[in-house]
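Asker: coords please:
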Amino acid sequence: MTGKSVGRGVLDGAFALLDALRRAGGEAGLTEIAVACGVPKGTAHRLLEQLAALGAVERRGRRYVLGPELFRLGQSWQPYPGLRAAARTPLLRVRMTTGASAVLVVPCDGRALAVASVPGLAEPLVPVRDGMCFPPGTAAGSALTSRERGPFVDREGVVPGLCCAALPVRGRDGRVVAALAAMTPADRPLAPLAAAVAAAA
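Answerer: Numbering: from 1, shown residues only. Just a heads-up that it's a prediction; the model follows:
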């Protein structure tokens, strides 16, 4: 085995462990992580300790959690230069005018990945956070993939008690680069929400 392939195997293993931690909600024990990745506990322990030395994970008692270095690196990721910064004021405006939780999503592995978010009235039902994913059937997912212009609305179709309105965000060439979505409890009117999202998008 060449040095290059050995290095690739170690990196694959480390990322598999990090992904197992993510899927476990950001915290898990050694045995749980090793089983999820299908690797011996000794291998998982060695890699986790190396990741801990780099700040990618932290050890809390007998459990591991995702570390601050991952957060710092993740915040540097830009799907499109300037997109997150440009979205901040429109997202805040949606929340101020409607009270809704607002998110900016981009396509990622067939899902809608939130890259900017502002919590609002939907928080008890769906806490919005950067990094959360929405499946294709949601209003946000539809706004990214449909050939129609929208608005795309969902009233309790995905989460009971929640309604959502979303619109695509297009680049200068007309291509959909993101979608802006707002979520609010279903007892609130949907038309003002859709109008606010349209203005922001």
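Asker: now the strands for the protein?
Answerer: With strands called from DSSP state E, the chain shows them at 27-29, 57-60, 63-66, 101-108, 111-118, 133-134, 152-155, 162-170, 176-185.
Asker: Same list, these, but as a markdown table with distance to residue 19 please.
Answerer: Any C-beta I mention is one placed from the backbone N, CA and C, and that applies to glycine too. Converted to a markdown table, the strands of the chain look like this (distance: least, C-beta to C-beta, whole Å):
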| stretch | distance to residue 19 |
| --- | --- |
| strand 27-29 | 11 |
| strand 57-60 | 12 |
| strand 63-66 | 10 |
| strand 101-108 | 14 |
| strand 111-118 | 15 |
| strand 133-134 | 13 |
| strand 152-155 | 29 |
| strand 162-170 | 27 |
| strand 176-185 | 24 |
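Asker: Pull out the buried positions in the longest helix seen in the chain.
Answerer: In the chain, assigned by DSSP state H, the helix with the most residues is helix 3-23. Going by neighbour count (16 or more other C-beta atoms under 10 Å), the buried part of helix 3-23 is 13, 14, 16, 17, 18, 20, 21.
Asker: got it, and stretch 128-144?
Answerer: 128, 134, 138, 139, 140, 141, 142, 143, 144.
Asker: Need the CA coordinates for it. PDB is fine.
Answerer: Extracted C-alpha coordinates of stretch 128-144, given in PDB (Å, rounded to 0.1, in the frame of the first residue of the first chain):
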ATOM      1  CA  VAL A 128     -33.800  26.800  12.600                       C
ATOM      2  CA  ARG A 129     -30.000  26.700  12.700                       C
ATOM      3  CA  ASP A 130     -27.300  27.100  10.100                       C
ATOM      4  CA  GLY A 131     -26.300  23.600   8.900                       C
ATOM      5  CA  MET A 132     -29.800  22.000   9.200                       C
ATOM      6  CA  CYS A 133     -31.200  20.300   6.100                       C
ATOM      7  CA  PHE A 134     -34.600  20.300   4.600                       C
ATOM      8  CA  PRO A 135     -35.800  17.300   2.400                       C
ATOM      9  CA  PRO A 136     -36.800  17.800  -1.200                       C
ATOM     10  CA  GLY A 137     -40.600  17.700  -0.500                       C
ATOM     11  CA  THR A 138     -40.500  20.900   1.600                       C
ATOM     12  CA  ALA A 139     -41.300  24.400   0.200                       C
ATOM     13  CA  ALA A 140     -37.600  25.200   0.600                       C
ATOM     14  CA  GLY A 141     -36.500  22.100  -1.300                       C
ATOM     15  CA  SER A 142     -39.100  22.800  -4.100                       C
ATOM     16  CA  ALA A 143     -37.900  26.300  -4.500                       C
ATOM     17  CA  LEU A 144     -34.400  25.000  -5.300                       C
END
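Asker: Other residues contacting that stretch?
Answerer: For stretch 128-144, contacts defined as C-beta atoms under 8 Å, 6 or more residues apart in numbering pick out 74, 101-103, 105-108, 110-120, 122, 145, 150-154, 157-158, 164-168, 176, 178-181, 183.
Asker: From residue 22, how far out is the closest residue to residue 64 other than its chain neighbours?
Answerer: Nearest residue to residue 64, sequence neighbours excluded (C-beta to C-beta, 6 or more residues apart in numbering): residue 57, at 5.0 Å. Using C-beta to C-beta, to the nearest Å, residue 57 is found at 11 Å from residue 22.
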